[in-house]
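[1] need a 3D model of the following:
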Amino acid sequence: MLTQEQAVEVRVLARQGKGVREIARELGLSRNTVRRYLRGEVFPAHRVRAPRPTKLDPFKAYLAMRVREAHPDWLPSTVLLRELQAEGYAGGISQLKAFLAPLKSAREVVDPLVRFETAPGQQLQVDFVTFRRRHPLSAFVATLGYSRMSFVRFGVSQDFEAIQDGLLSAFAYLGGAPQEVLFDNMKTVVLSRDTYGPGLHRFHPGLLQLADDLGFVPRLCRPYRARTKGKVERFNRYLRESFYNPLASRVGHGGIRLDAATANRFVLEWLAGVANVRVHAGLKVRPRDRWQEELPHLQPLPRSYRQDWSPLLSRFPLPTESLQHPLAIYGELLEPRA
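    Take a look at the predicted model:
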């Protein structure tokens, strides 16, 4: 029986146009299992089973040590099998390979010299930026992997409701949902990692329902590897330095503490007039220009989830050069309006 997470992923991948054979291969399932769940069987309930002891368990610490010692090279499973057998291991190579697979893929993914580019519409990276803790203020930030088009929503909480509201607003603002959403290891998103095996996590049920409704697959960064979502991390710093610090200092000069409502009022204009129309340092193009290429690849939202952001997106004409003077923007924004 599939976990609830696997059942959602089967249905989402099918709606993205993938066939039974491709889904089965990608998820490591039999084609009959995929067909059965696509016929509409009820989701299985969460059942967290205690892992069965295996013959490999006493040797896992040794294997992890050997993997670290060999870095950056990789030791074949046949070599490690011979070493374990010399230490008394009586199991086979299959469970050894299953244990080593996530360790090997982790090493391949986190090469610090490689920047991962994603296809249009493939991935959205999301994160929270904390600005204040005593008087809470944080921002939900979402950045499309291909275009770097970004969305920001300020708030006072980082609970699941804030994540859900942020995702729905981001999808509406960006024009649709991507194939997958990459999260950090937020406790409000993932209830437990590797619950059902390596890489098979237990997600918040509300997130699974949202993913099923909108057709995206939730993904997690590897622990302590925030670099795997470096696109949104880079934007987070830009948001702090180019928007929050200048605006907070101007508001604070008058003895007023910047609140979420005020920040949200100005950040949408900053996104439309500055952040998403600047020339991106890495891409050498404006995120909004590249977003026009990505937009047809995003999945349309159900009617009940749609919001119309087009007036704001079209309010500012595209400049002939990059806008990098946010204080001038804020000076205009903070003037009293008629």
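[2] need the contact list for the residue lying closest to residue 160 once chain neighbours are set aside.
    Leaving aside its sequence neighbours, residue 160 sits nearest to residue 188 (Cβ to Cβ, 6 or more residues apart in numbering; 4.6 Å). In this view, the C-beta of every residue, glycine as well, is placed from N, C-alpha and C. Neighbour list for residue 188: 158, 159, 160, 163, 204 [criterion: Cβ atoms under 8 Å, 6 or more residues apart in numbering].
[3] what about the helices in the stretch 51-200 of the chain?
    With DSSP state H, counting those that start in this stretch as the criterion, the stretch 51-200 of the chain has helices at 60-70, 77-86, 93-109, 160-174.
[4] please export the C-alpha coordinates of the shortest one as CSV.
    In other words, helix 77-86. Presented in CSV, the C-alpha positions along helix 77-86 are these (Å, rounded to 0.1, in the frame of the first residue of the first chain):
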residue,chain,number,x,y,z
SER,A,77,28.9,-1.4,-3.4
THR,A,78,30.8,-4.6,-4.3
VAL,A,79,33.9,-3.3,-2.6
LEU,A,80,32.0,-2.4,0.5
LEU,A,81,30.2,-5.7,0.5
ARG,A,82,33.5,-7.6,0.7
GLU,A,83,34.6,-5.4,3.6
LEU,A,84,31.4,-6.1,5.5
GLN,A,85,31.6,-9.8,4.8
ALA,A,86,35.0,-9.8,6.4
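[5] show me what it is packed against.
    helix 60-70, helix 93-109 (3 or more Cβ pairs under 8 Å, 6 or more residues apart in numbering; DSSP states H and E).
[6] outside of that helix, which residues touch it?
    56, 59, 62, 63, 66, 89, 93, 96, 97, 100.
[7] return the set of buried residues in it.
    Judged by neighbour count (16 or more other Cβ atoms under 10 Å), helix 77-86 contains these buried residues: 77, 80, 81, 84.
[8] and stretch 259-279, by the same measure?
    Under 16+ other Cβ under 10 Å, the buried positions of stretch 259-279 are 260, 262-263, 266-278.
[9] over to stretch 125-141?
    For stretch 125-141, by 16+ other Cβ under 10 Å, it's 125, 126, 127, 128, 129, 131, 137, 138, 139, 140, 141.
[10] and the contacts of helix 77-86, which of them are buried?
    Of those, these count as buried by 16+ other Cβ under 10 Å: 56, 59, 63, 66, 89, 96, 100.
[11] list the contacts for residue 9?
    27, 217.
[12] any idea which element it lies in?
    Residue 9 belongs to helix 4-15 when assigned by DSSP states H and E.
[13] for that helix, what is the average pLDDT?
    The average pLDDT for helix 4-15 rounds to 85.
[14] domain assignment for this protein?
    Domain assignment of the chain by automatic domain parsing yields the ranges 57-109, 123-184+221-333.
[15] out of those, indicate the one that is most buried.
    domain 123-184+221-333 (a mean of 17; mean count of other Cβ atoms under 10 Å).
[16] can you pull the contacts of residue 218?
    With Cβ under 8 Å, 6+ apart, residue 218 has these contacts: 180, 181, 183, 189, 203, 207, 208, 211.
[17] the fourth one contacts residue 207, doesn't it?
    Yes: under the contact definition of Cβ atoms under 8 Å, residue 189 touches residue 207, with a separation of 6.0 Å.
[18] between these two, which has more neighbouring residues?
    Applying other Cβ atoms under 10 Å to residue 189 and residue 207 shows that residue 207 carries more neighbours, namely 24 against 19.
[19] and that one, what helix or strand is that in?
    Counting by DSSP H and E, residue 207 is found in helix 205-214.
[20] put the alpha carbons of whichever helix or strand comes after that helix into CSV.
    The helix or strand immediately downstream of helix 205-214 is strand 217-220, counting by DSSP H and E. What follows is strand 217-220 as a C-alpha-only set of coordinates in CSV (Å, rounded to 0.1, in the frame of the first residue of the first chain):
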residue,chain,number,x,y,z
VAL,A,217,4.8,17.8,-6.0
PRO,A,218,6.3,19.0,-2.7
ARG,A,219,10.1,18.6,-2.4
LEU,A,220,12.5,19.1,0.5
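[21] what about the helix or strand following strand 217-220, distance to the chain center?
    As assigned by DSSP H and E, the chain's next helix or strand after strand 217-220 is helix 230-239. Taking Cα atoms, centre = their mean, to the nearest Å, one finds helix 230-239 lying 13 Å from the centre of the chain it belongs to.
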